[in-house]
Each structure stands twice: as structure tokens, then as C-alpha cells.
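# sequence below, structure please.
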Amino acid sequence: MINTYNETHLHRTLKEIYAGKHEGAQKEAPCGHFIADILLADGGIIEIQTGTLASLAPKIAYFLAEKRKIRVVHPLAVEKYVETTDENGKILRRKKSPKKLNLTSVFRELTKLYPYLLDRNFTLEIVEAKIIEERIDYGSTEKADNSRRRHKKTWNKTDKRLDELGKATVLHGKTAWKKLIPTALLKKDREFTAPEFHRELLELYPKAKRQETSVMLWVYVKMGFFERIGKKGNAFLYSPL
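As a prediction, this is how the structure comes out:
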């Protein structure tokens, strides 16, 4: 009960979906020092992570040290709506969030996980999702929790719920991770800078941001796909390993 007290509808729904795919799966199962979202009959683990992936690092390290297979399922909100109600549940407004996410957006979450990404027992599943963020507008700043806000607001976020699931990208092993990169960048003796890496990535992810692809390149360097070989003007130069 303690582990699920603050569980969102989004997390709970995904947990039900993925547990239902495996006969004998246990939800919220004690497993050593941690509680696994889903414990499979063969001892494998499925973790549903709707928040920051970096916070899972200790849990992933522990389960891998235990020689358990672990799959992390992370919903990517490629489409998000904000639904605001009053205290009685009456919908006041519903609007689409302008924020656009794609696979490159995930990499800012992976800077603490790179030591585990190529482990043979680790799988990352990124599943595109349409998500509804729920809010209650109290009509006054006095009723809303403004303790962690710079500017007072009249509303609070109350939940996230899953509206629709889309394409899943399963990342396990080098071959799968290579598929996220344009083949031109992986050719032998290819040299490129971070800005050139970004321009190549735009062919696969037209809305990718420069900051996101820079982090993506950093993660791939840490994973051993590329190395820094020098400089070109003021920019660092990279090449495939």
C-alpha cells in the first residue's frame, strides 16, 4: 500500500497491461532491497517508469547485480492534453500541450543509466503514448498548494492518465541502439561535430532539438559507439569506434 499510495492512473494502467502479458506475474512484489513493479515467474523484472529514468539507477544496478533480467517501460508523451476541472469535477477547459517529444528527448534521462544500457540483461522499452494531465482549479491561490512554486497559481496537478498507446521502441543490445542513428554517421572513418550530428539526426527526427541531440551524442560516446578525436575550429570532432 505504501508503494502505491501516490501511484498515478498512467502508472497503474501500464502496470496492469504489462503484467497481463505474462502468466504468473506478481505486481508490487518484494524483491531484495526493493519492490518490483512486476516480478515475472522466471525471476525477471519489469519496471514502469513514468517519471525521470535517472531515479531508477540504484534499482537497475541492484537487479542486474542479482543477475535478473530487467525491462524498463517508459511512456513517451508524444501527445499530451491538459484537462482542468473545478472541485466538483466539472470540466472547465481542455487544451493540447504544445510540447513535442520524440526519441531524442529520452536521452536527457539516460545520463545516469549509460553503464547499464548495453548490459545483456537490460532492456529499455519506450512506448509512445497519448496522455491526459489532470488538474483541479480551486479558483483561488489560498486553496492551491503553492509551496514549491515561484509564482502562485489557483490549480494543482492531481493525476496523469493514459488515453492511448502507440508504437513501442525496444532497445536491447548494440544493434537496436544503432538503429536510432543514421547509418551515415556509423561509416568507418566518418568524422563529424555535434552540430553536424544534429543535422543528420533531423532526417530521422525532424523536430529534434539541438540540446537533446548533444546529450544523445554524449550518451553514445559513453556507450562506446563514438569517440572524441580532436577539434574542428571551436567544435569537438567525433568518429565511430
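# so for Val127, what's the pLDDT?
For Val127, the model assigns a pLDDT of 97.
# how near is it to Ile17?
10 Å (CB to CB, to the nearest Å). Any C-beta I mention is one placed from the backbone N, CA and C, and that applies to glycine too.
# please enumerate the shared neighbours of the two.
Leu165 (CB atoms under 8 Å, 6 or more residues apart in numbering).
# out of these two, which sits in the busier spot?
Val127 (19 against 14; other CB atoms under 10 Å).
# ranges for the helices of the protein?
9-19, 57-65, 174-178, 194-201, 210-223 (DSSP state H).
# for stretch 155-165, which residues meet the burial criterion?
Using 16 or more other CB atoms under 10 Å as the test for burial, stretch 155-165 gives Trp155, Lys160, Leu162.
# as CSV, could you dump the C-alpha coordinates of it?
Listed next in CSV are the C-alpha coordinates belonging to stretch 155-165 (Å, rounded to 0.1, in the frame of the first residue of the first chain):
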residue,chain,number,x,y,z
TRP,A,155,-4.7,25.0,-9.6
ASN,A,156,-2.9,21.8,-8.6
LYS,A,157,-1.9,18.8,-10.8
THR,A,158,-3.8,15.8,-9.5
ASP,A,159,-3.1,12.9,-11.8
LYS,A,160,-1.9,11.6,-15.2
ARG,A,161,-3.9,9.1,-17.1
LEU,A,162,-3.3,7.0,-20.2
ASP,A,163,-5.5,7.8,-23.1
GLU,A,164,-3.9,5.8,-25.9
LEU,A,165,-0.8,3.7,-26.6
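# now do the strands in this protein.
Ranges of strands in the chain, per DSSP state E, are 26-31, 34-39, 45-48, 70-85, 91-96, 122-137, 155-171, 192-193, 226-232, 235-240.
# counting by contacts, list what the fifth one packs against.
This means strand 91-96. Secondary-structure packing of strand 91-96 (3 or more CB pairs under 8 Å, 6 or more residues apart in numbering; DSSP states H and E): strand 70-85.
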